[in-house]
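1. this is the structure alone, sequence omitted:
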């Protein structure tokens, strides 16, 4: 087949037009949400002939969509003249500059990709896996020998599974943050005008702090009878709801490419009325001041309910450790501690692990704290490394949840053996809940991650649990479990609350159980819900569970095991003793029993029936508040 020089020239022009059309179809977003780079060059630019360049042929590789667009362009340009052909050379030169500028601008602003030189050629790399080319190839034309090599590299990147997942995570985090800012506050009806006035004051002062307001409402709902019995507690409660100290600071850090980033750091030392603060640090993109205050408030009540005299704190950063190298996380943690160390110390505040903060992060944080403080006093609770205390710290919260469930069942003349349990989350707490459920003969059937949940109808055993831990250690998807156990199923974008169960252990994040999930739990036969994460149920979900008489064990009581273990490892006398696992579990069971009994007693003292589904929720809040109120009264108005 003979092709004229004119046709060859026009094919080249069409290649470049296709390049820009493909780029426009990708809808690449830069700088701000919804703002796109304009690749068109209209009349009056450097090359006036560009806007009306004749298009005379369609390349065979074009899709039907491309052909439709090109036919329309052909009809619009059928009056092309010879003068327009003269500017073809300058058009090509100008066009390439536009594409080059667009690529550089896009790469500088688009968070999930960057441009780097590989073997002397500029490539577009994914920020998640830091690979390009075949690692991302998903389209048949995405080969390095194609006519539009740079655009093919871009298509390879955009069509890759990893890149799509990065986009999904990015949009999910943005949607979550927007939801937090824009969603309306659910205000519960209170029987007491005094309690209602306290809620109104919090709403006026912090109208956008949804998580904190939700936490406060739950506690005040439990304290209505306490306030009605003694008006002195109103002023105490108003003072308690304002943190003693709120620390907000910037955290600048440098990634492995030498680029600088800035995150926000938070530490809310909510109350030191009972002693030095203890509380976790959370690294997650959704972290904000509202969540920091909610975590500090919940921790204050949890510590007051425990057998140990401790204050409460919470905090963290909107930094996301996922996908970061060890060096990047080390630099961030060191920068974070450069500001926070001034407010820490054994007699003031010692942080612990929370979501996104594990042994690696705590090790880096403590190393920088030791360097800045100039001494080795105290240790941050949690990590299983040389400078920590008890090596059983990470098991304590998960084990404590199961021990607490045992205490509830014992009062019902039942036991865990043979009961069907659903667990959410796949972190340290969830894994240790599974481990202890297996030890007591329960049938645990689910576990979940950020993408969905895994169900094994036969129940997990110790071999399966070992496989799950290997999968999480290697940061693989829970879907890989089904490659070994074909009868299991992994459900994408779903939660485990519609699975048949007797007990539920939510151990993932706050507000993971919504109203529809609560309905599913009721329909699935659940009778007891043990909160492993702080405030896992939305207010609407709690209303559904209460109406169905499902017993709720609140995290401030059921999760006290972590507090007990943290104090044991910080206690010098305990550290000098060689604790066996059996001795440690005995100590932990005693602490959980004390917490359970205190909650039941406080609720019954204020007229709640022991058989009520709300007895533990109300009793835990009442007991914790009365302990704090006594200390605040004794210490005066400070």
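-> Sure, I can see it. Note that the coordinates shown come from a computational prediction; the quantities given were computed from them, not determined experimentally.
2. residue 304: what's it in contact with?
-> Taking C-beta atoms under 8 Å, 6 or more residues apart in numbering, we find residue 304 in contact with 274, 310, 312, 623-625, 627-628. (Glycine included, C-beta is placed from N, CA and C.)
3. the same query, at a cut-off of 10 Å, please.
-> Neighbouring residues of residue 304 by C-beta atoms under 10 Å, 6 or more residues apart in numbering: 271, 273-275, 310-312, 556, 563, 620-621, 623-629, 631.
4. and it, how far from residue 426?
-> Here the criterion is C-beta to C-beta, to the nearest Å. By it, residue 304 lies 30 Å from residue 426.
5. thinking again about what came up before, which members of the contacts of residue 304 occur in helices, if any?
-> Per DSSP state H, helices hold the following members of the contacts of residue 304: 556, 563, 620-621, 623-629, 631.
6. which of those residues sit farthest apart?
-> Largest separation among the ones in helices among the contacts of residue 304 by C-beta to C-beta: 563 and 629, giving 19.5 Å.
7. who has more neighbours, the two?
-> Set residue 563 next to residue 629 and count neighbours by other C-beta atoms under 10 Å: residue 563 wins out with 29 against 22.
8. now that one: closest residue in space that isn't a chain neighbour?
-> For residue 563, ignoring the flanking residues on the chain, the nearest one in space by C-beta to C-beta, 6 or more residues apart in numbering is residue 306 at 4.4 Å.
9. what sits against that neighbour?
-> By C-beta under 10 Å, 6+ apart, the residues touching residue 306 are 274, 278, 556-557, 559-564, 566-567, 591-592, 594-595, 598, 624, 627.
10. avg pLDDT for the top helix by length along the chain?
-> Longest helix of the chain, by residue count under DSSP H: helix 581-605. Taken as a whole, helix 581-605 has an average pLDDT of 90.
11. okay, buried residues for it please.
-> 584-585, 587-589, 591-592, 595-596, 598-600, 602-603 (16 or more other C-beta atoms under 10 Å).
12. and it, what does it pack against?
-> Counting contacts by 3 or more C-beta pairs under 10 Å, 6 or more residues apart in numbering; DSSP states H and E, helix 581-605 is packed against helix 210-229, helix 289-305, helix 393-411, helix 555-558, helix 561-570, helix 615-635.
13. want to throw those helices into a markdown table with distance to residue 252?
-> Converted to a markdown table, these look like this (distance: least, C-beta to C-beta, whole Å):
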| stretch | distance to residue 252 |
| --- | --- |
| helix 210-229 | 26 |
| helix 289-305 | 19 |
| helix 393-411 | 31 |
| helix 555-558 | 34 |
| helix 561-570 | 30 |
| helix 615-635 | 37 |
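14. which of those sits closest to residue 329?
-> Counting by C-beta to C-beta, residue 329 lies closest to helix 393-411 out of the helices and strands packed on helix 581-605; the figure is 18.8 Å.
15. among the buried residues of helix 581-605, which one sits closest to residue 549?
-> Nearest to residue 549 among the buried residues of helix 581-605: residue 603, at 15.7 Å, using C-beta to C-beta.
16. burial count for the nearest residue to the closest one once chain neighbours are set aside?
-> Among residues not flanking residue 603 along the chain, residue 619 sits closest, at 3.1 Å (C-beta to C-beta, 6+ apart). Per other C-beta under 10 Å, the neighbour tally for residue 619 reads 28.
17. residue 245 too?
-> Counted with other C-beta under 10 Å, the neighbours of residue 245 add up to 16.
18. so the nearest residue to it once chain neighbours are set aside, which of the three states?
-> With sequence-adjacent residues excluded and distances taken as C-beta to C-beta, 6+ apart, residue 245 is closest to residue 269, at 4.3 Å. Classification of residue 269 using DSSP: H, G, I helix; E, B strand; the rest coil returns strand.
19. return the residues in contact with residue 269.
-> Taking C-beta under 10 Å, 6+ apart, we find residue 269 in contact with 243-247, 276-277, 279, 296, 300, 311-315, 343-344, 348-349.
20. per-residue confidence at it?
-> 97.
21. same check, this time on residue 412
-> Per-residue pLDDT puts residue 412 at 93.
22. neighbours of it, how many?
-> Residue 412 has 11 nearby residues by other C-beta under 10 Å.
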